[in-house]
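Undergrad: model this:
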Amino acid sequence: MTTRKPELYRNLAEQLGALIAGEPDRIANTANMAALIYHGLPDLNWAGFYFRQDGELVLGPFQGKPACVRIPLGKGFCGAAAGRAATVLVPDVHDFPGHIACDPMSRSELVVPLIEAGAVSGVLDLDSPLFARFDEIDQAGCEQLVALFVDHHRHHSG
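TA: Next up is the predicted model:
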């Protein structure tokens, strides 16, 4: 009865578009987006945002257990994604000694950078307690959701 992944992401994109339509506030939109992803995708234990402030990433809206508040750029998977301006897909976080474990239950992770006006403004971070939870379809799906958000805010920036 599981919906096929591409269809699941199409549905999420439609729902996200409806949620953020006409709303310029970034906090409101990322809060709804985190909730949509957390409840819409199976087997997640954390979904949320970090926003870039100076040389670090600062915790934004999320769903899940309390998380690390500040992550230096280049540190951990969030910092790596922000530093490289590229998505980081990690099948097993235990394989990486530099991993910042906010929740010891997290096993795999997907981090998608938010690139606005040519610079990384933050990241979308998804964690799962399952090994190899994320694949290329998840990566493409989440990159599409982030693109939708970024595009929306490009048109609504005052």
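Undergrad: Pull out the buried residues from the longest helix seen in the chain.
TA: When the chain is scanned for its longest helix (criterion: DSSP state H), the result is helix 136-156. Of the residues in helix 136-156, those buried under the neighbour-count criterion (16 or more other C-beta atoms under 10 Å) are 138-139, 141-146, 148-150, 152-153. Heads up, the C-betas are built off the backbone N, CA and C, glycines and all.
Undergrad: any chance of those in CSV, with pLDDT and distance to Ile37 too?
TA: Output for these, formatted as CSV (pLDDT from 0 to 100; distance: C-beta to C-beta, whole Å):
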residue, pLDDT, distance to Ile37
Asp138, 97, 10
Gln139, 98, 13
Gly141, 98, 10
Cys142, 98, 8
Glu143, 98, 13
Gln144, 97, 12
Leu145, 98, 7
Val146, 98, 10
Leu148, 97, 12
Phe149, 97, 11
Val150, 96, 15
His152, 95, 16
His153, 91, 17
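Undergrad: before we move on, the earlier item: show me what the longest helix of the chain is packed up against.
TA: Using 3 or more C-beta pairs under 8 Å, 6 or more residues apart in numbering; DSSP states H and E as the contact criterion, the neighbours of helix 136-156 among helices and strands are helix 5-20, helix 26-40, strand 88-90, strand 108-116, strand 119-128.
Undergrad: tilt between the strand or helix carrying Gly83 and strand 119-128?
TA: Applying DSSP states H and E as the criterion places Gly83 in helix 76-84. In terms of direction (axes from the mean of the first three to the mean of the last three C-alpha atoms, to 10 degrees), helix 76-84 departs from strand 119-128 by 160 degrees.
Undergrad: For helix 76-84, buried residues please.
TA: For helix 76-84, burial by neighbour count (16+ other C-beta under 10 Å) applies to 76-83.
Undergrad: ok so, going back, of the buried residues of helix 136-156, closest to Arg4?
TA: The shortest gap between Arg4 and any of these belongs to Gly141, at 11.3 Å (C-beta to C-beta).
Undergrad: Next one: that closest one from Gly55, what distance?
TA: Applying C-beta to C-beta, to the nearest Å, one obtains 30 Å for the distance of Gly141 from Gly55.
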